[in-house]
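Novice: this one's sequence-less:
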């Protein structure tokens, strides 16, 4: 095992990595097909703008469970065995994939069914996000945590590359096939999670009021301006620059690439992100982390603008790859700051708040792009969103000077500190 990166030499982390990879491939294969089916079904009876509006609803129904369950899921991740929360979430995703596979097999898929399943997937992600995010630091020593975060991102981004391509090609072959494949992948992920043995972790004070414990996660994020700035930067930048939400529109009606082309477009950001994460797993970022994160988000906005203007498939793929690389750079810095500056007893609750912000940026970003696309057109919506993302970088560099001044990932060792000492 000496040839493996240091975190992967730890058996529990290897199982975690396998589960992360396979579940992400399954999720991405499903997401791309659900988006295509929603838009395709809508386009049979509606115009382009109206169909874009229906596509935006997918993001909304996935976001609502996270919004409603954030406090509960974070508290649960700090009180219940995180391994079992992740296992239950993957089991729910397995059920969703199996159901959609059956509806596709019997040719009974409707918009209502797709929306309901998307909402259930939102519930699964609401619980899985904080649990998996808080579990990873329990599996590796603190000094190699940034490398573990990069490797975890590689698993996710590799899944985001393979999943859309798998979903697009399998759907072109048979509509039920991507869902059947996703169900199999979720089964492998469940087995990987079962293989993770008991891990040491900190416990929150049992005597505290549960509601107070839930709110402590929000209070911690609000008072830690570095964490707040990093999370909210991603929220508003990706919320505005949500080009990926409009990919079914670009694939079908702008670039005329079909479902296979949609798979390539959806995978392109993950290609750039994976290469970036692989680089950081070997050579972790050490200096001027805050300024570099702000610069990466500005590049993200610029790539979004160029993608909106592009009518060339190669140029569009290049823009999406650059967009993904810039986003991964930002994610790497943000996740490292959050994990290293948050005590373990609060990682579930802080992770839930982070997941809410991330979901707001992704799912609400899809909703915003869909609704804005219905008003001014999908292409204009993407371009305006890219301009907005650049504007967010300018504002955040002024409102949160802590981001500009963050030089390294060095943080005090918070393990074992009383919770009250870490909230203020």
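Specialist: Structure's in. What do you need? Given the structure is predicted, the values throughout are model-derived calculations rather than measurements.
Novice: for residue 182, give me its contacts.
Specialist: Residue 182 sits next to 25, 26, 27, 29, 30, 93, 97, 101, 167 when contact means C-beta atoms under 8 Å, 6 or more residues apart in numbering. For glycine as for every other residue, the C-beta is placed from the backbone atoms N, C-alpha and C.
Novice: report the buried residues of the host helix or strand of the third one.
Specialist: Secondary-structure assignment from DSSP states H and E places residue 27 in helix 11-43. By neighbour count, with 16 or more other C-beta atoms under 10 Å as the criterion, the buried positions of helix 11-43 are 12-39, 41-43.
Novice: next SSE downstream of that helix?
Specialist: helix 48-79.
Novice: from residue 64, how far out is the nearest residue to residue 51 once chain neighbours are set aside?
Specialist: Once flanking residues are discounted, residue 51 sits nearest to residue 42: 3.9 Å by C-beta to C-beta, 6 or more residues apart in numbering. The gap separating residue 42 from residue 64 is 20 Å, by C-beta to C-beta, to the nearest Å.
Novice: do the same with residue 220
Specialist: From residue 220 to residue 64 the distance is 24 Å (C-beta to C-beta).
Novice: which one's more surrounded, the two?
Specialist: A count of neighbours by other C-beta atoms under 10 Å puts residue 220 above the other of residue 220 and residue 64, at 22 against 17.
Novice: which strand or helix spans the more buried one?
Specialist: In this assignment (DSSP H and E), residue 220 forms part of helix 210-223.
Novice: follow-up on the earlier one: any idea how far residue 21 is from the residue nearest to residue 51?
Specialist: 32 Å.
Novice: just for this protein, where's the confidence low?
Specialist: Residue ranges of the chain with pLDDT under 70: 1-3, 201-215, 217, 238-239, 241-242, 344-345, 347-348, 351-352, 355-368, 409-424.
Novice: show me the strands in it, by range?
Specialist: Read by DSSP state E, the chain holds no strands at all.
Novice: coming back round to it: residue 376 versus the residue nearest to residue 51, what's the distance?
Specialist: Computed as C-beta to C-beta, the residue 42 to residue 376 distance reads 18 Å.
Novice: same question for residue 133.
Specialist: Counting by C-beta to C-beta, the gap from residue 133 to residue 376 is 36 Å.
Novice: neighbour count: the two, which is higher?
Specialist: Between residue 133 and residue 376, counting by other C-beta under 10 Å, residue 133 is the more crowded of the two (24 against 12).
Novice: surely the more buried one touches residue 354?
Specialist: Yes. Using C-beta atoms under 8 Å, residue 133 makes contact with residue 354 at a distance of 7.1 Å.
Novice: so which of the contacts of residue 182 is the closest to residue 232?
Specialist: Nearest to residue 232 among the contacts of residue 182: residue 27, at 25.0 Å, using C-beta to C-beta.
Novice: so that closest one sits right up against residue 94, yeah?
Specialist: No. Judged on C-beta under 8 Å, residue 27 makes no contact with residue 94 at a distance of 11.2 Å.
Novice: off-centre distance for stretch 96-106?
Specialist: Remark: stretch 96-106 is offset 24 Å from the chain centroid, using C-alpha atoms, centre = their mean, to the nearest Å.
Novice: buried residues in that stretch?
Specialist: By neighbour count on 16+ other C-beta under 10 Å, the buried set for stretch 96-106 is 96, 97, 99, 100, 101, 103, 104.
Novice: surely the third one is in contact with residue 117?
Specialist: Yes. With contact defined as C-beta under 8 Å, residue 99 reaches residue 117; the gap is 6.3 Å.
Novice: one step back: distance of the residue nearest to residue 51 from residue 48?
Specialist: For residue 42 relative to residue 48 (C-beta to C-beta), the value is 10 Å.
Novice: ok, now residue 152?
Specialist: Residue 152 is 38 Å from residue 48, by C-beta to C-beta.
Novice: could you do residue 339 as well?
Specialist: Here the distance between residue 339 and residue 48 works out to 42 Å (C-beta to C-beta).
Novice: looking at the two, which is more packed in?
Specialist: A count of neighbours by other C-beta under 10 Å puts residue 339 above the other of residue 339 and residue 48, at 24 against 18.
Novice: does that one touch residue 138 like I think?
Specialist: No. Proximity of residue 339 to residue 138 does not meet the contact threshold set by C-beta under 8 Å, at 10.9 Å.
Novice: which pair of the contacts of residue 182 spans the longest distance?
Specialist: Most distant of the contacts of residue 182, by C-beta to C-beta, are 25 and 101, 15.5 Å apart.
Novice: quick one: the helices in the stretch 101-250 of the chain?
Specialist: Listed in chain order, the helices of the stretch 101-250 of the chain (DSSP state H, counting those that start in this stretch) span 111-139, 145-173, 177-194, 210-223, 225-240, 247-249.
Novice: most packed of the ones you listed?
Specialist: Most buried of the helices of the stretch 101-250 of the chain, by mean neighbour count (mean count of other C-beta atoms under 10 Å): helix 247-249, with a mean of 29.
Novice: so what touches that one?
Specialist: Helix 247-249 is contacted by residues 35-36, 38-40, 48, 51-52, 55, 262, 265-266, 373, 378 when judged by C-beta under 8 Å, 6+ apart.
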